[in-house]
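Visitor: model the structure of this input:
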Amino acid sequence: MDYKIQFQQENEAIMERFELSMERISQMVLEKTVQKPFLDYFAKTASFIQMIGEYLAFIEQGHQKTASMEELSQWNHRLYEDILPGHYESSYANPSYAVAQLGEEYGRLLCYLYKEIRGDIVFVHEWRLTDITILNEVLIEIYNMFEEEAPEVSAIKEVLYWFVSDYTDHTVSYRVREGLDPSLSFAADIIKENDLSDLRYLYYFGEYISDSELKVAEFLNSLPEEKVRLMADTYTEGYRKGFEVMGRDLSKKGAVQIRYELGFERMVKYAMENFEKMGLKIILCRAAVWSVNTNAGRKAGYYSTSPNRQYDYDHRYDNAIYLNKAFKDRKASVMKVAYETYKDLALQYAGPAVIETFGKEEFHPVNKPEAFRLDSKQEKLAAEMSNETSVILNQFIPGEETSFTIIAFPVPTIGERFEEIFEETIKINTLDYEKYKGLQQIIIDALDEAEYVEVTGKGNNKTRLKVALHSLHDKEKETKFENCVADVNIPLGEVFTSPVLAGTEGTLFVSTVYIMDFQFKNLMMTFQNGMITDYSCSNFEDPAEGRALIKQVILKNHDTLPMGEFAIGTNTTAYAMARKFGILDKLPILIVEKMGPHFAVGDTCYSWAEDSPVYNPNGKEMIARDNEVSELRKEDLSKAYFSCHTDITIPYAELDRIETITPEGKRVQIIDDGKFVLEGIEELNLPLLEV
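Guide: Now for the predicted structure:
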């Protein structure tokens, strides 16, 4: 069924309300019934909605498909102009400006409402008139409250709370559906039905289109077909191998969700063809728009370069307006009903296939006092809500039945040598599977003899860690580390385990690392019995602000997290490439984790699937799938999982030594002075000689 036809009936049912609300909005632009300073806010917000109405007519009259590149670019700029750097300082989407103009309490609440209304840009492109209508109606309701004199702040907050809560039946349910339903083919249709050499198609998505999206699309169009197909084949074959390696049956699944950043459509089109040959339908859902569905610092779906990362940062905790226990329970209830409604689609869901990007310009966030923040009670509620979501998700999409894959490529902001770096990235994403499998097995054989591992930093790196390992009962059939080559995590190059928490202790330090779009500087964490006991970074002059950023981005608002993974990266080719181009501090954790030892905080790599056997290529079962926290699932699921898993890597240049210690006290060095010294793996040092 055509995507637009699916919404025709719903739009016809809402049309009268939509038209009435648009008419009332048009009157608000001209009326003077609201006192200053609020008059300007309502006039500008109404003008924005009028522009959305103009664009709806532009689409419905067929002009979007016939317009020139220049005209589409002008429309895109108009839609996003208000929040672009240079305009944001005088925008009601900016909490600092809104508070300065409207007062602290009014400003914060009305800023939130305007941000939600900006979601109309997406809704008008996707013909989702219901979403536009309900936003119009809440604006009109609040406008009416201001027509005589300014209402009580508590009254506005109550309207917003019930608006969000009441409409979760719509907003949360649709979010569940769009993550599972291939028939919601808005984006897939754009890719399949358009000539991708005509870059006008980028403007059809409704996302902000920057030079980055245009240059990536142009560059992919300049590559020979066999090279772009190789990119797509590596990506989709990694997905297939993930099921094979984990012993899961892909033939029982019917759909895969592709997540990527706009500009890569030529690769995505070939990937869609590959997946369809595997018997999988394509799910292409956008990153969440409504605040009720967003997660601070995370984007899941397709998306574009942010028009303003400070804008995203300012609104990351807008849910502070409505997050309480009643709302948490309400959202969980709606989500459970939605998954029950779409349970047949959920059973067909195979998991995500992700294309990440790297090389964005460094972002220095400003913590504005006017922006919403979660209080300590809300932080706990947010963590509980995340855990409850995971429980519901696993009930309908069991973790032991799905898989995933992730691959990464650079974007033009990485520098003048973008095209060279892109070509090198293709090479490191397609390294020799068999060669690395053998080299990594030598490392695993040494680690299987160890009781624990010591990791020591070099120079200014303060890392001093002891990592306790599981015991083997049958060395002929069991192993402690997984031999990770090119499947779910591309590029290849690591061996990893879930450490024993008791006895895992010390300090982890890294001078710079990118995590969730943030570059942390001098990140330090202290562990005792495998749990984080302290943490800091030097991103801000005030250490407390640095701690707050770590708690938000890495700890996901938990008070502590366990060390869920210890790994040794072996991809020295990737490291040599990073040093050659001077981009070590711009690479994503997906690649960086293969370039030295890394440690993940949060859940283990096997969360929700610990009881499913995993085997290495040599046939040995990887038995280190649990730790003392994940084992609590047998008693209380809420205590076993944290719904996060964040990798932190020490690059070879900051690494002194990795050494295994056997129960008898024998020491075996794997790395010394940042070089591989274990007998049989010296070949891994060859790329380092080029640095």
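
Visitor: three-state assignment of M524?
Guide: On the three-state scheme (DSSP: H, G, I helix; E, B strand; the rest coil), M524 is labelled strand.

Visitor: repeat that for the one 3 residues further on.
Guide: Assigned by three-state DSSP, the conformation of F527 is strand.

Visitor: begin at 748, not 1, for the rest of this chat.
Guide: With the count now opening at 748, the last piece we talked about shows up as F1274.

Visitor: skipping adjacent residues, who's closest to it in space?
Guide: Nearest in space to F1274, with sequence neighbours left out and distances taken as C-beta to C-beta, 6 or more residues apart in numbering, is E1252 at 5.4 Å. Bear in mind the C-beta positions are built from the backbone N, C-alpha and C, glycine included.

Visitor: can you tell me the helix or strand for the one you found?
Guide: Following DSSP states H and E, one finds E1252 within strand 1247-1262.

Visitor: same question for stretch 1374-1384, mean pLDDT?
Guide: Taken as a whole, stretch 1374-1384 has a mean pLDDT of 92.

Visitor: again, but for stretch 1168-1186
Guide: 88.

Visitor: longest helix of the chain?
Guide: Ranked by number of residues, the top helix in the chain under DSSP state H is helix 750-777.

Visitor: name the residues of that one that are buried.
Guide: Residues of helix 750-777 classed as buried: 750, 753-754, 758, 761, 765, 768-769, 771-772, 775 (neighbour count, 16 or more other C-beta atoms under 10 Å).

Visitor: in a markdown table: these, plus pLDDT.
Guide: Formatted as a markdown table, the buried residues of helix 750-777 follow (pLDDT from 0 to 100):
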| residue | pLDDT |
| --- | --- |
| Y750 | 75 |
| Q753 | 78 |
| F754 | 83 |
| N758 | 90 |
| I761 | 94 |
| F765 | 97 |
| S768 | 98 |
| M769 | 98 |
| R771 | 97 |
| I772 | 97 |
| M775 | 94 |
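
Visitor: returning to that earlier point: now what about the helix or strand just after the longest helix of the chain, what contacts it?
Guide: Per DSSP H and E, the first helix or strand lying C-terminal to helix 750-777 is helix 785-807. Helix 785-807 is contacted from outside by 769, 772-773, 775-776, 779, 781, 811, 814, 822, 825-826, 829, 839, 845, 848-849, 853, 857, 860-861, 864-865, 867-868, 871-872, 874, 879, 883, 886, 890, 893, 897, using C-beta atoms under 8 Å, 6 or more residues apart in numbering.

Visitor: what about these, which are in helices?
Guide: Checked against DSSP H, these include these in helices: 769, 772-773, 775-776, 811, 822, 825-826, 845, 848-849, 853, 857, 860-861, 864, 867-868, 871-872, 879, 883, 886, 890, 893.

Visitor: show me what the worst-scoring helix or strand of the chain on mean pLDDT is packed against.
Guide: Least confident helix or strand, the chain: helix 1336-1339 with a mean of 82, by mean pLDDT, DSSP states H and E. The helices and strands touching helix 1336-1339, judged by 3 or more C-beta pairs under 8 Å, 6 or more residues apart in numbering; DSSP states H and E, are strand 1152-1157, strand 1247-1262, strand 1392-1396.

Visitor: which of the ones you listed sits most buried?
Guide: Stretch with highest mean neighbour count among the helices and strands packed on helix 1336-1339: strand 1152-1157 (a mean of 23; mean count of other C-beta atoms under 10 Å).

Visitor: out of the helices and strands packed on helix 1336-1339, which is closest to K1422?
Guide: The closest of those to K1422 is strand 1392-1396. By C-beta to C-beta, the value is 17.0 Å.

Visitor: name the next helix or strand downstream of the closest one, please.
Guide: Heading C-terminal from strand 1392-1396 (DSSP H and E), you reach strand 1402-1408.

Visitor: rewinding a little: out of the helices and strands packed on helix 1336-1339, the one nearest G1349 is which?
Guide: Going by C-beta to C-beta, the one of the helices and strands packed on helix 1336-1339 nearest G1349 is strand 1392-1396, 4.4 Å.

Visitor: the contacts of helix 785-807, buried ones only, as a PyMOL selection?
Guide: Those of the contacts of helix 785-807 that count as buried under 16+ other C-beta under 10 Å are selected in PyMOL with:
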select buried, resi 769+772+775+781+811+814+822+826+829+839+845+848+849+853+857+860+861+864+865+867+868+871+872+874+879+883+886+890+893+897
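
Visitor: in the stretch 1098-1247 of the chain, which spans are helices?
Guide: In the stretch 1098-1247 of the chain, the helices defined using DSSP state H, counting those that start in this stretch lie at 1123-1143, 1165-1175, 1180-1194.

Visitor: report the angle between the last one and strand 1402-1408.
Guide: Inter-element angle recorded for helix 1180-1194 and strand 1402-1408: 60 degrees (by axes from the mean of the first three to the mean of the last three C-alpha atoms, to 10 degrees).

Visitor: buried residues, helix 1180-1194. List them.
Guide: 1183-1184, 1186-1191, 1193-1194.

Visitor: what does it contact?
Guide: Applying C-beta under 8 Å, 6+ apart, the contact partners of helix 1180-1194 are 1200, 1216, 1226-1228, 1230-1233, 1239-1242, 1244, 1315, 1317-1318, 1363-1365, 1407, 1415, 1417, 1425-1428, 1430-1431.
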